[in-house]
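Enquirer: quick one, what's the 3D model for this:
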Amino acid sequence: MTASLTPTRCSWANMANPRYLAYHDHEWGVPCHDETTLFEMLNLEGAQAGLSWETILNKRDTYRAAFDGWDASIIARYGDAKTAELLANAGIVRNRLKVAAAITNAKAYLVMREQGLTLDAYLWGWVDGKPIVNDWPDGARPAKTELSDRISKDLAKRGFKFVGSTIIYAYMQGIGMVDDHDRTCFRRAGRRHAAR
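Expert: From the prediction side, this is the model:
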């Protein structure tokens, strides 16, 4: 009988959480060009501030339902009643500033679209359309970089909230603009950057 081998993953991946493993194996570091997913991830990374990513990942499905499938045109019209409903929803992070940020971000995103710029074109323009593949020593990833500083400042100028440099660097990793898989991770060896 042959023993099944568990692949070596990044040190941060919680092996006990199937959602976390799926996220690590199929999303983190994989280039994303889907507008809705890019908008969703921007807001989820902001919601994560001060919390663990695992907490947000476990609430992701509830977030999608609560925020109308991350349809920015709907979110931008949220008023006091919807805000109160969100703040009463135990399935998301009930932080008034973070809920307000998602609404503000929807409005800023719609302005960007009116100017003829998609999130996809905007974000990937910073890296000439190609992921940055880093080679940090395992467990030695930076919390932010000079590029995340610049993107953070630009997004803030455009009216987005909860877009500090550390949040933006995590966002860049999550949407595959940056590939920071550990040197020993099975996703690093021989992997392809198939877009999602």
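
Enquirer: in the protein, which spans are helices?
Expert: For the chain, the helices defined by DSSP state H occupy 18-26, 35-48, 53-58, 60-66, 72-75, 80-87, 96-114, 119-125, 146-157, 165-174.

Enquirer: next, format those helices as JSON lines and append mean neighbour count and distance to residue 11.
Expert: The way it works is simple: take the backbone N, C-alpha and C, and place the C-beta from them, glycine included. Formatted as JSON lines, the helices of the chain follow (neighbours: other Cβ atoms under 10 Å; distance: least, Cβ to Cβ, whole Å):
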{"stretch": "helix 18-26", "mean neighbour count": "15", "distance to residue 11": "11"}
{"stretch": "helix 35-48", "mean neighbour count": "21", "distance to residue 11": "19"}
{"stretch": "helix 53-58", "mean neighbour count": "16", "distance to residue 11": "14"}
{"stretch": "helix 60-66", "mean neighbour count": "15", "distance to residue 11": "22"}
{"stretch": "helix 72-75", "mean neighbour count": "18", "distance to residue 11": "35"}
{"stretch": "helix 80-87", "mean neighbour count": "13", "distance to residue 11": "34"}
{"stretch": "helix 96-114", "mean neighbour count": "18", "distance to residue 11": "28"}
{"stretch": "helix 119-125", "mean neighbour count": "17", "distance to residue 11": "27"}
{"stretch": "helix 146-157", "mean neighbour count": "16", "distance to residue 11": "21"}
{"stretch": "helix 165-174", "mean neighbour count": "23", "distance to residue 11": "14"}
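
Enquirer: take those helices and lay them out in JSON lines including distance to residue 180.
Expert: Formatted as JSON lines, those follow (distance: least, Cβ to Cβ, whole Å):
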{"stretch": "helix 18-26", "distance to residue 180": "11"}
{"stretch": "helix 35-48", "distance to residue 180": "14"}
{"stretch": "helix 53-58", "distance to residue 180": "13"}
{"stretch": "helix 60-66", "distance to residue 180": "21"}
{"stretch": "helix 72-75", "distance to residue 180": "28"}
{"stretch": "helix 80-87", "distance to residue 180": "32"}
{"stretch": "helix 96-114", "distance to residue 180": "24"}
{"stretch": "helix 119-125", "distance to residue 180": "16"}
{"stretch": "helix 146-157", "distance to residue 180": "12"}
{"stretch": "helix 165-174", "distance to residue 180": "5"}
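
Enquirer: could I get those helices as TSV with distance to residue 182 and mean pLDDT?
Expert: TSV is the format used below for the helices of the chain (distance: least, Cβ to Cβ, whole Å; pLDDT from 0 to 100):
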stretch	distance to residue 182	mean pLDDT
helix 18-26	10	92
helix 35-48	20	98
helix 53-58	16	94
helix 60-66	23	98
helix 72-75	34	98
helix 80-87	36	98
helix 96-114	30	98
helix 119-125	24	98
helix 146-157	20	98
helix 165-174	12	97
